[in-house]
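Student: no sequence on this one, just coordinates:
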């Protein structure tokens, strides 16, 4: 797994500039850039963000969590919710419980939500 320093050095070398030039651009000094690249010092958050923005890469990439410079895409639905949504009857019951009965607007909203979720109104 790549270290933060390895990634920072690789990004700098990819555009063929010196540590001093990069330091000036990032608002720090050459010795700090050297310590970051050698993994001898903790990189402050504002410098990490500067690197990510300047080189148009994700922080996941800089931290070595992925080899994809654009980072990872996460599916933020917990497993239990996915299981519930897979069961159309559970989904219909959930949507039904969210709306007050008797309102024409609520009926239309329920129908729309169920259609969007792939379930049919019963």
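Tutor: Nice, I can see it. On a predicted model such as this, the values are computed, not experimentally measured, just so you know.
Student: Would you mind giving me the confidence score for residue 80?
Tutor: On the pLDDT scale, residue 80 is placed at 64.
Student: ugh, wrong one, residue 113
Tutor: For residue 113, the predicted pLDDT is 75.
Student: Now do the domain split for the chain, please.
Tutor: 4-62, 79-116 (automatic domain parsing).
Student: I'd guessed residue 69 sits against residue 60; true?
Tutor: No - the pair residue 69 and residue 60 does not pass the contact test of Cβ atoms under 8 Å, sitting 9.2 Å apart. Quick note: C-beta positions are derived from backbone N, CA and C, even for glycine.
Student: got a list of what residue 6 touches?
Tutor: Listed by Cβ atoms under 8 Å, 6 or more residues apart in numbering, the contact partners of residue 6 are 37, 39, 64.
Student: a markdown table for the residues you listed, including pLDDT?
Tutor: Shown next, in a markdown table, are those (pLDDT from 0 to 100):
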| residue | pLDDT |
| --- | --- |
| 37 | 97 |
| 39 | 95 |
| 64 | 89 |
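Student: Now, of these, which are buried?
Tutor: residue 37 (16 or more other Cβ atoms under 10 Å).
Student: ranking the domains of the chain by burial, who's on top?
Tutor: By mean neighbour count, with neighbours taken as mean count of other Cβ atoms under 10 Å, domain 4-62 ranks first of the domains of the chain at a mean of 16.
Student: end to end, how far does that one reach?
Tutor: 6 Å (Cα to Cα, to the nearest Å).
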